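Undergrad: Quick one: sequence and predicted model below, then my questions.
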Amino acid sequence: MDIELMMRVWPFFLKAAWVTIQLSVLTTILGLICGASGAAARLSRLGWLRFLGAAYVSLFRGTPALIQLFILYFGGPQIGIQLDAFEAGVIGLGLNIGAYMTETIRGAIVAIDKGQREAARTLGLSHFQAFRKVTLPQALRLMIRPLGVNINALIKGTALVAAISVIELTYTAQRYIGSTYKPFEMFFLAGVLYMIIIYGTGRGIAWLDRKVRIV
């Protein structure tokens with residue numbers, strides 16, 4: 001293992017890791033927005049909203065995320081959508097993970113006994129109040145860990161944006177392999193940094209899970 005080479009390129013990998021973190025954070029935020037919206041649509045009393053929610057989930061879970069990125073980045077200009085590689089990465093991965101988060105959030109809400117909502121209604125609470133005060137607090141306890149799994153999968157999935165030339169960890173490793181011919185060292189550095197990011201994220205999710213369960 002060429003330690004000297006690894007130390008020389010380490011600062012560039014740290015810079016790429018920061019891009020991966022930014023990408024992960026923005027994509028997670030978009031994914032949560034899409035997931036909450038999708039879950040609301042799938043649980044709606046309106047048939048057309050349920051259809052749209054189901055279509056969204058089926059479309060983005062049923063096709064590869066890489067193809068979705070290619071359509072958005074390379075195909076977007078044909079229909080007037082001009083995005084740089086980073087923007088396309090955030091939107092593409094956000095929409096994709098949002099479909100998985102939709103089912104996670106919906107499953108947690110459905111798992112709460114309907115009798116509790118009915119009891120809240122008999123006490124004079126509106127549908128929204130019963131959801132906010134009775135269903136949602138319990139559903140949050142059920143959805144934190146599964147959402148954490150989604151987020152960890154998302155962080156690993158950010159490697160896909162290397163295919164559209166976002167200069168994150170995987171792209172940086174590939175670029176330096178081309179000039180150093182040292183694939184083991186370059187991918188080892190990228191792997192270590194991915195592991196650090198995922199470990200830190202996991203610890204944060206575990207802390208949040210404990211806080212939610214205490215409340």
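TA: Nice, thanks for sending it over.
Undergrad: hey, let's count contacts and neighbours off CA atoms from now on
TA: OK.
Undergrad: Quick check, residue 97 in contact with residue 33.
TA: No - using C-alpha atoms under 8 Å, residue 97 is not in contact with residue 33, being 10.5 Å away.
Undergrad: Pick out whichever of these two has more residues nearby.
TA: Higher neighbour count among residue 97 and residue 33: residue 97, with 27 against 17, using other C-alpha atoms under 10 Å.
Undergrad: which one is the more buried one nearest to, not counting chain neighbours?
TA: Nearest non-adjacent residue to residue 97, counting by C-alpha to C-alpha, 6 or more residues apart in numbering: residue 31, 5.5 Å away.
Undergrad: what are the ranges of the strands in the chain?
TA: For the chain, no strands are identified by DSSP state E.
Undergrad: from what I can see residue 146 touches residue 102, true?
TA: No - if you go by C-alpha under 8 Å, residue 146 and residue 102 don't touch, sitting 11.2 Å apart.
Undergrad: So for these two, which sits in the more crowded spot?
TA: residue 102 (27 against 15).
Undergrad: ok, the residue nearest to the more buried one when sequence neighbours are not counted - contacts?
TA: Closest residue to residue 102 apart from its sequence neighbours, by C-alpha to C-alpha, 6+ apart: residue 35 at 3.9 Å. Residues near residue 35 by C-alpha atoms under 8 Å, 6 or more residues apart in numbering: 97, 98, 99, 100, 101, 102, 103, 105.
Undergrad: could you redo the last one with a cut-off of 6 Å?
TA: By C-alpha atoms under 6 Å, 6 or more residues apart in numbering, the contact set of residue 35 is 98, 101, 102.
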